[in-house]
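1. pasting the sequence and the predicted coordinates here, then a few questions.
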Amino acid sequence: RHQPSGRSVCIVLLDPEACRRIEVWTDIVRRTAAAHEARNPITSRTWALEHVGPQRFIVCEDIVGPSLAEEFTARGPLPVAEAGPLMVAIAGAVAELHRLGTVHGGLSLDAVRREAPSGRVRLMQFPLVADPHAVPLRPPLDSPEEIRKLGTRACFIAPELLLPGSRSDARSDVYALGCLFHTLLVGAPPCWQGDAERSLSQAAFIGPPPLGPPQVPIEVATLISYMVARDPAARYPTAAEAADAIAVCLGMPPVSPTLPPQRPAIAAAATVPEPAPPPLAAPTAAQPVSPAQPRSE
């Protein structure tokens, strides 16, 4: 329980040694600030970056409920009339993150939950979807063990992220959104070959299988094909454009007019030199170490 706000919260503990690295600490502070500003109602709340003695941690919303991955096991594919509006909402939430200068970087069925008891769909965001110490932000692909642990999440990783030195960006988020839309309509992740390694190879060299009638209307199938193109340049460049395209396809209002103004990308500035974090002090009461403060709902 977070005493300053009185909320029941989730605490993400940070590695004190990793936080001594200026590029890691700078990225954590900036990502926490951007996540804190996100106001989309389906996005999980990130409230504060604090420390007690040597331990630094991020305070965020505790969302209880099954993931879409668990829900799909029992339910199967969704009709376009249900999957489409759900994708507009999810893409709109990711689009807000892009406008705030950050990316999601961990989209999959596991990142979307059905909140209990309300039944609302909620999108998990930083720091709940990926290693908060990862600089640059990219999927865990550095060892066979990390790849094996991905499971079906591998089906949402854009092919260009397999290249050394790559980083998650807006176009890789768009790819993951397209894969999520594909999954909702078909009932199975695209390119899944039974294990993560073979699924990554399938995505890199062949790509997701094309969709079409009668299962998926041709206009929806064409839209998804743009989102999951193997060449990043062939995709919608941002989640806002992808969300607007889905909305127009369904006869819904566009998402982009509701979004905040575009800000410079955080990832591009993650290594700008800044003062190193102060030496870790003796234990004290919890105190914020960034502008991000708990806010009332």
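-> Now that the structure is in, tell me what you want to look at. Numbers count the residues shown, from 1 in each chain.

2. in the stretch 1-150 of the chain, what residue spans correspond to strands?
-> 9-13, 46-52, 55-61, 112-114, 121-123 (DSSP state E, counting those that start in this stretch).

3. and the last one, how far from the chain's centre?
-> In this case it means strand 121-123. 11 Å (CA atoms, centre = their mean, to the nearest Å).

4. ditto for the first one
-> Remark: strand 9-13 is offset 17 Å from the chain centroid, using CA atoms, centre = their mean.

5. can you tell which of the strands of the stretch 1-150 of the chain is closest to residue 203?
-> strand 112-114 (19.9 Å; CB to CB). All C-beta atoms are positioned from the backbone trio N, CA, C, and that covers glycine.

6. if you count contacts, what does that closest one end up packed against?
-> Under the contact definition 3 or more CB pairs under 8 Å, 6 or more residues apart in numbering; DSSP states H and E, strand 112-114 sits against helix 68-75, strand 121-123.

7. and the contacts of it?
-> 63, 65-68, 71, 90, 120-124, 180 (CB atoms under 8 Å, 6 or more residues apart in numbering).

8. sorry, back to before: distance to residue 161 for the helices and strands packed on strand 112-114 - can I get that in CSV?
-> Putting the helices and strands packed on strand 112-114 into CSV (distance: least, CB to CB, whole Å) gives the following:
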stretch, distance to residue 161
helix 68-75, 20
strand 121-123, 20
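
9. rewinding a little: out of the contacts of strand 112-114, which one has the weakest pLDDT?
-> Ranked by pLDDT, the contacts of strand 112-114 bottom out at residue 71, which has 84.

10. OK, contacts around that one?
-> By CB under 8 Å, 6+ apart, the contact set of residue 71 is residue 114.

11. leaving out chain neighbours, which residue sits closest to residue 260?
-> residue 99 (4.9 Å; CB to CB, 6 or more residues apart in numbering).

12. could you pull out the helices in the stretch 51-200 of the chain for me?
-> According to DSSP state H, counting those that start in this stretch, the stretch 51-200 of the chain carries its helices in the segments 68-75, 80-99, 144-150, 170-186, 196-205.

13. next one: the longest one to chain centre, how far?
-> Between the mean C-alpha point of helix 80-99 and the mean C-alpha point of its chain there is a distance of 12 Å (CA atoms, centre = their mean).

14. who's in contact with residue 43?
-> By CB under 8 Å, 6+ apart, the contact set of residue 43 is 93, 96-97, 122-123, 125.

15. cool, residue 216 as well?
-> By CB under 8 Å, 6+ apart, the residues touching residue 216 are 80, 185-186, 224.

16. residue 206 - how many residues pack around it?
-> Residue 206 has 11 neighbours, counted by other CB atoms under 10 Å.

17. what's the spacing between residue 242 and residue 42?
-> 16 Å (CB to CB, to the nearest Å).

18. quick one: which of these two has more around it?
-> residue 242 (31 against 18).

19. buried among the contacts of residue 43? Need that as a selection in ChimeraX.
-> In ChimeraX syntax, the buried subset of these is picked out as below (16 or more other CB atoms under 10 Å):
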select :93,96,97,122,123,125
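
20. pull the helix or strand with minimum mean pLDDT from the chain.
-> In the chain, the helix or strand scored least confidently by mean pLDDT, DSSP states H and E is strand 287-288, which has a mean of 36.

21. give me the most central residue, the chain.
-> The residue lying closest to the centre of the chain (CA atoms, centre = their mean) is residue 104, at 3.1 Å.
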